[in-house]
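>>> Have a look at this prediction, sequence included:
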Amino acid sequence: MSDEVKSTDEVKSTDAHDSSRTARARRLRDAALALVVVLGLAASSALSHWLTSRRAQLEVVRDAESLYVSPEAARRMSLGFNGLAADWYWLRALQYVGGKVVAYEGEVQLDDLSPLALTQLAPLLEQATTLDPKFIAAYEYGAVVLSAFDHEAAVRLVEKGIRANPSEWRLRHHLGYIHWRRGRFAEAARVYEEGASVSGAQPWMRMMSAQMQAQGGSRETAREIYARMMESDDETVQALAASRIAQLDSLDERDALRRVLHAVRERTGRCAQTWREVAQILHAARMRLDRSGSPIDPTGVPYALDPQTCDVSLGRDSRIPRK
């Protein structure tokens, strides 16, 4: 009997030991699992942080890609789809300029974007025109925008376009425009003369050459240049030209207003204090007036009168370019 009891106690002791060992193993397993979960969460967090950091770095690299991939390399990498690749770089250029304009706190003109520090624009246009040498719009855009802050880059771009497209006489008009902007009237005259000899060129190209030599810096020359730019297929260039023509009209109007104001001062010995005082004279001179008798600029905004100096300036809300 005692042996039987002993055997039973041994069995219970063994079962208890096994149970304890099993429980301990389960606790160790649970602890290990918990550790894995904790480590996994920590690793996941670290990985997420690394990916976020890496993504930002990749964005920077991608944004700067156009600067580090040469046009020739981009052409090889396009695998024959040069037109599509050129369009991509063209859109990148437009987005790049648009983003800079939106971020800039102030007013800018398409032909005066120098405050925006557009360091990537020339390389992007170079990429686009290397991939597609017939990309006339890119050359035209560069002539208008680049020439405001990087004259030499604009000249190189358009001369490249002329070499690739010798029959596109309008490219010589754009090159003449670049030289004209810098006051290089002799160079502009030469380019217009060369353009006039291209088959299909308009007769006004030769006229522009003569005008550059005679009065390159005149408003009449500027008006003629912008009038020809209005013939562009690019709506942005058309809008620029229209804005500059309105500016030229306004300059002529302000000169006419000053003559009236100075004549009144000579006659009365004092400056006119309001536009109403000279409304009849302005009406007789066929100046455009609003209902109050104030002369208005080409955008419909009244000119500002300075009664102390007998001078006139653009109104605060005027959309006429101020420089």
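Sure, I can see it.
>>> Could you tell me the average pLDDT over stretch 204-215, please?
On average, the pLDDT along stretch 204-215 is 92.
>>> Export stretch 190-204 to CSV, keeping only CA atoms.
What follows is stretch 190-204, C-alpha atoms only, in CSV (Å, rounded to 0.1, in the frame of the first residue of the first chain):
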residue,chain,number,x,y,z
ARG,A,190,22.2,92.3,-88.6
VAL,A,191,20.0,89.4,-87.4
TYR,A,192,16.8,90.9,-88.9
GLU,A,193,18.6,91.5,-92.2
GLU,A,194,19.7,87.8,-92.2
GLY,A,195,16.2,86.7,-91.3
ALA,A,196,14.8,88.8,-94.2
SER,A,197,16.8,86.7,-96.6
VAL,A,198,15.3,83.4,-95.5
SER,A,199,12.7,82.0,-97.8
GLY,A,200,9.1,82.8,-96.7
ALA,A,201,10.2,85.6,-94.4
GLN,A,202,7.8,88.5,-94.0
PRO,A,203,8.7,91.9,-95.6
TRP,A,204,8.7,93.6,-92.2
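>>> Can you give me the buried ones in it?
Neighbour counts using 16 or more other CB atoms under 10 Å place 190-196, 198, 201 of stretch 190-204 among the buried residues. For the C-beta atoms, the positions are set from N, CA and C on the backbone; glycine is no exception.
>>> same question, stretch 219-231
For stretch 219-231, by 16+ other CB under 10 Å, it's 221-222, 224-226, 228-229.
>>> Mind telling me the two of the residues you listed farthest from one another?
Greatest spacing in the buried residues of stretch 219-231, by CB to CB: Thr221 and Met229 (12.9 Å).
>>> returning to what we had before: which among the buried residues of stretch 219-231 gets closest to Arg267?
Ala222 (33.5 Å).
>>> Tell me the one of the buried residues of stretch 190-204 nearest Asp150?
Val191 (18.4 Å).
>>> Quick one: classify that closest one as helix, strand or coil.
helix (DSSP: H, G, I helix; E, B strand; the rest coil).
>>> quick one: it and Leu175 touch, right?
Yes - between Val191 and Leu175 there is a contact under CB atoms under 8 Å: 4.9 Å.
>>> Pick the one among the buried residues of stretch 190-204 closest to Leu171.
Gly195 (8.0 Å).
>>> How about the contacts made by that closest one?
By CB atoms under 8 Å, 6 or more residues apart in numbering, the residues touching Gly195 are 169-173, 176, 201, 205.
>>> hang on, Met205 packs against Tyr192?
Yes - between Met205 and Tyr192 there is a contact under CB under 8 Å: 5.4 Å.
>>> overlap in contacts of these two?
In contact with both Met205 and Tyr192: 172-173, using CB under 8 Å, 6+ apart.
>>> out of the buried residues of stretch 219-231, which are inside helices?
221-222, 224-226, 228-229 (DSSP state H).
>>> Make CSV out of these and add pLDDT.
As requested, those are exported to CSV (pLDDT from 0 to 100):
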residue, pLDDT
Thr221, 94
Ala222, 94
Glu224, 93
Ile225, 93
Tyr226, 93
Arg228, 91
Met229, 90
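>>> With the flanking residues excluded, which residue is spatially nearest to Glu194?
Arg172 (5.9 Å; CB to CB, 6 or more residues apart in numbering).
>>> Likewise for Ser232?
Nearest to Ser232 is Gln238, by CB to CB, 6+ apart, at 5.7 Å.
>>> cool, Arg92 as well?
Leu124 (5.5 Å).
>>> now swap in Tyr96 and tell me
Closest to Tyr96 by CB to CB, 6+ apart is Gln120, at 5.7 Å.
>>> Also Val278?
Ala272 (5.1 Å).
>>> okay but the one you found is in contact with Ala263, surely?
No - Ala272 is beyond contact range of Ala263, at 10.1 Å (criterion: CB under 8 Å).
>>> Compare neighbour counts for these two and give me the winner.
Ala272 (18 against 13; other CB atoms under 10 Å).
>>> did I read that right, the more buried one in a strand?
No - Ala272: not assigned to a strand; according to three-state DSSP it is coil.
>>> how much space between it and Arg265?
8 Å (CB to CB, to the nearest Å).
>>> Nothing else from me, thank you.
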